[in-house]
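> model this:
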Amino acid sequence: MTHKDLFKGATYKSLERQVNGKHYSSFKIQPAEFINENKILFAEGNAIKYICRHHLKGKEVDIDKAIHYLEMVKERDYSWVYSLIKNKLQKPLKRLKTIIKDGN
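Now for the predicted structure:
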């Protein structure tokens, strides 16, 4: 099921069985083991899981789920960048619109 030597020191007996399906059993490294060993956050971990299994289980729906989780990551980690840019450009853009409108 999982290449046990890859993560020496980590033992996941729980990976020897899977509830509701066998879509992870063919992987050399199960997504859950990879996610846990690398201490990956929830949203990123779910995106990895859905990307790994899409061709075996959920097809296009799993890709949509992965995209949804990646959108969460983007909003969580990078929305401040867009807010900062918007706030910094708001006054100059307003002034530019006025100049264009008034011709001044």
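> what helix or strand is residue 86 located in?
Using DSSP states H and E, residue 86 falls within helix 60-102.
> relative to the whole chain's centre, how far out is that helix?
Put simply, helix 60-102 sits 18 Å off its chain's centre (Cα atoms, centre = their mean, to the nearest Å).
> packing partners of that helix?
helix 42-53 (3 or more Cβ pairs under 8 Å, 6 or more residues apart in numbering; DSSP states H and E). Backbone N, C-alpha and C define where each C-beta goes, glycine included.
> rounded mean pLDDT for the helix it packs on, please.
Regarding helix 42-53, the rounded mean pLDDT is 97.
> list the contacts of that helix.
In this structure, residues lying in contact with helix 42-53 by Cβ atoms under 8 Å, 6 or more residues apart in numbering are 23-24, 27, 31-32, 34-35, 40, 58, 62-63, 65-67, 69-70, 72-73, 76.
> among these, name the buried ones.
Among the contacts of helix 42-53, those buried by neighbour count (16 or more other Cβ atoms under 10 Å) are 23-24, 27, 31-32, 34-35, 62, 65-66, 69-70, 72.
> hang on, the earlier thing: could you give the angle of the helix holding residue 86 to helix 42-53?
Relative orientation of helix 60-102 and helix 42-53, computed by axes from the mean of the first three to the mean of the last three Cα atoms, to 10 degrees: 120 degrees.
> which residues of the protein score low on pLDDT?
The model of the chain has pLDDT under 70 over residues 1-10, 104.
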